[in-house]
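1. Here is my input; please provide its structure:
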Amino acid sequence: MTLNHLYIIDLFYVDALEGGWLGPKAWANRVPCPSVAELKLAQAAVDKRLIAVCNTLTPLLLDDIVRVNRDPRVQTERRDRLLMHLFQHQIHHRGQAHAMLSATAIDPPQLDEFFSIAEAPLRAIEFDSLGWTEETVWGP
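-> The predicted model follows:
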């Protein structure tokens, strides 16, 4: 349930950041991905959309106002603040899922110290799946 919630809220905000008007329809189905396999594909797709949004950012775009469909009202928010809200939501719930997995026989993924230079081997598979290298993220 937690990971479906994370996906739904990601979908809601990424759509708004893209200029879409999905709004509360995003959570019409509280479990849009009943299997882990479906959720993995859906989350990867919305993550790639969020990365595409972030790849277009400039200082001016960060200051722009995003309209968020909250039907019946429209929330207006600076893009940088909306992104910070979204990232904090992701951190919160991914940490929550990590803690839940820690209480099971399933090893949770590495979440901390992930961007230290010494941790490059731990992120190599994820970077590769996104088409990234250490150089594309950090520079030469």
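2. can we go C-alpha only for contacts and neighbour counts from here?
-> Noted.
3. Which parts of the chain are strands?
-> Taking DSSP state E as the criterion, the chain contains strands spanning 65-69, 74-78.
4. mind showing which ranges of the protein have poor pLDDT?
-> 113 (pLDDT under 70).
5. in it, which helix has the most residues?
-> For the chain, the longest helix by residue count, based on DSSP state H, is helix 79-102.
6. Tell me how far that helix lies from the chain's centre.
-> 8 Å (C-alpha atoms, centre = their mean, to the nearest Å).
7. Now do it: everything it contacts.
-> The contact list for helix 79-102 (C-alpha atoms under 8 Å, 6 or more residues apart in numbering) reads 2-3, 6, 10, 13, 17, 61-66, 107-109, 111.
8. Columns mean neighbour count and distance to Ala42 on top of the strands of the chain, output as a markdown table?
-> Shown next, in a markdown table, are the strands of the chain (neighbours: other C-alpha atoms under 10 Å; distance: least, C-alpha to C-alpha, whole Å):
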| stretch | mean neighbour count | distance to Ala42 |
| --- | --- | --- |
| strand 65-69 | 20 | 21 |
| strand 74-78 | 13 | 26 |
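9. I'd like those laid out as JSON lines, including distance to Ser102.
-> Shown next, in JSON lines, are the strands of the chain (distance: least, C-alpha to C-alpha, whole Å):
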{"stretch": "strand 65-69", "distance to Ser102": "35"}
{"stretch": "strand 74-78", "distance to Ser102": "36"}
